[in-house]
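Build me a model from this:
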Amino acid sequence: MTWPFRFPPGPFTSSLDYPRYPLGRAIALTAVAGLVGVCTTAIASALGWGFPSFGYLFETVVWKLATIGILAWGLQVFEHRRPTLAVVGYRQSESWPVGEARRRSGKAMVGLGVGFILFVPFSFLGTSAGNPSAYGPVRHASLALVLAQLLVCYPLTVVAEETFFRGWLQPRLGPWGPISSALLWSGYHLEQWRTIPSLIPLGIILGVVCWWTGNVRTSSVLHYLSNAIFFIASYT
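Now for the predicted structure:
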């Protein structure tokens with residue numbers, strides 16, 4: 001019997017051949033992207049831009065655009081590819097065969113269960129990412145800021161992070177891709193390092209959903225909803 005947490009990577013589309021990335025390369029790429037966030041957040045803090053604010057939103061947009069830029073650079077350097085929808089996991093050319101779909105569903109249920117179970121113990125490690133005080137003093141956001149956050153910042157954040165970690169790195173990290181991408185995605189949030197442990201369960205869930213469905217569309221929706229619900233509940 002195969003250990004249920006081993007997820008055969010399998011390409012998102014049958015027409016793509018994904019190379020295997022060494023874990024060190026994935027860590028280095030994540031560290032560079034995360035350090036950009038540390039720098040932009042430090043600049044925002046020095047300018048007095050707390051969260052939420054239009055200034056903080058601007059620095060987040062810069063960070064996420066830089067993340068996409070690193071992804072495009074990495075694809076060109078390591079694979080000589082452009083970041084098309086198929087390459088970064090947003091497009092799947094064909095559905096899984098019935099047997100493959102059933103096999104993946106069983107393992108996905110185990111992986112999702114593990115992710116949900118870990119939410120409680122991991123929330124006690126560091127600071128919970130669902131606690132608004134982790135991001136500074138809680139303040140009321142104007143309607144304009146709420147709309148900008150929900151219609152500009154969070155969509156860009158989701159696209160950048162899901163393509164980088166679930167669409168790009170995950171299928172290139174072998175049978176432990178959903179777990180590895182969850183750890184990398186959590187570590188990417190260096191600017192809020194106290195919340196990193198509490199992000200791991202959500203990262204596992206998003207990674208398993210992506211592996212299960214064969215694309216990043218569903219994980220992107222879940223990622224966006226978690227961000228949007230948190231913001232609306234905390235700042236409106």
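
Pull the contacting residues for F51.
With contacts defined as Cβ atoms under 8 Å, 6 or more residues apart in numbering, F51 is in contact with 135-136. Where C-beta positions appear, they are placed from N, C-alpha and C, glycine not excepted.

Okay, it and L112: tell me how far apart.
30 Å (Cβ to Cβ, to the nearest Å).

and if you look at R172?
Between R172 and L112 the computed distance is 22 Å (Cβ to Cβ).

which is the next helix or strand following the helix or strand of the chain with the lowest mean pLDDT?
Lowest on mean pLDDT, DSSP states H and E among the helices and strands of the chain sits helix 98-123, with a mean of 83. As assigned by DSSP states H and E, the chain's next helix or strand after helix 98-123 is helix 143-148.

Burial check on P121, number of neighbours?
11 (other Cβ atoms under 10 Å).

same thing with F58?
16.

Per-residue pLDDT of it, please?
At F58, the pLDDT value in this model is 97.

gap between the helix or strand hosting it and the chain center?
Assessed by DSSP H and E, F58 sits inside helix 54-79. Distance of helix 54-79 from the chain centroid (Cα atoms, centre = their mean, to the nearest Å) equals 13 Å.

and if you look at stretch 105-118?
18 Å.

just to revisit the earlier point, comparing R172 and L112, which shows the higher neighbour count?
The residue with more neighbours, out of R172 and L112, is R172; 19 against 15, by other Cβ under 10 Å.

how about the more buried one, what does it touch?
Counting by Cβ under 8 Å, 6+ apart, R172 has contacts 9, 18-21, 26.

hmm, back to that, buried residues in the helix holding F58?
By neighbour count on 16 or more other Cβ atoms under 10 Å, the buried set for helix 54-79 is 55-64, 66-68, 70-72, 74-75, 79.

what packs against it?
helix 23-46, helix 143-148, helix 154-161 (3 or more Cβ pairs under 8 Å, 6 or more residues apart in numbering; DSSP states H and E).

and L183, which of these is closest to it?
Closest to L183 of those, according to Cβ to Cβ: helix 23-46, at 9.1 Å.

now the residue nearest to A129 when sequence neighbours are not counted: how far from G130?
Once flanking residues are discounted, A129 sits nearest to T195: 4.1 Å by Cβ to Cβ, 6 or more residues apart in numbering. Look at T195 and G130: by Cβ to Cβ, they are 9 Å apart.

Repeat that for S53.
Distance of S53 to G130, given as Cβ to Cβ: 20 Å.

hang on, the earlier thing: which one's more surrounded, T195 and G130?
Using other Cβ under 10 Å, the more surrounded residue of T195 and G130 is T195, with 20 against 17.

Can you read off the backbone torsions of that one?
Note on T195: its backbone torsions stand at phi -90, psi 0 [degrees, to the nearest 10].

Now for it: which residues touch it?
Here T195 is in contact with 126-129, 134, 189 (Cβ under 8 Å, 6+ apart).

got a pLDDT number for L156?
Among the per-residue scores, L156 shows a pLDDT of 97.

Mind picking the two most distant members of the contacts of T195?
Greatest spatial distance in these: S128 and H189, 12.9 Å, computed using Cβ to Cβ.

what about this structure, any weak spots by pLDDT?
1-16, 92-98 (pLDDT under 70).
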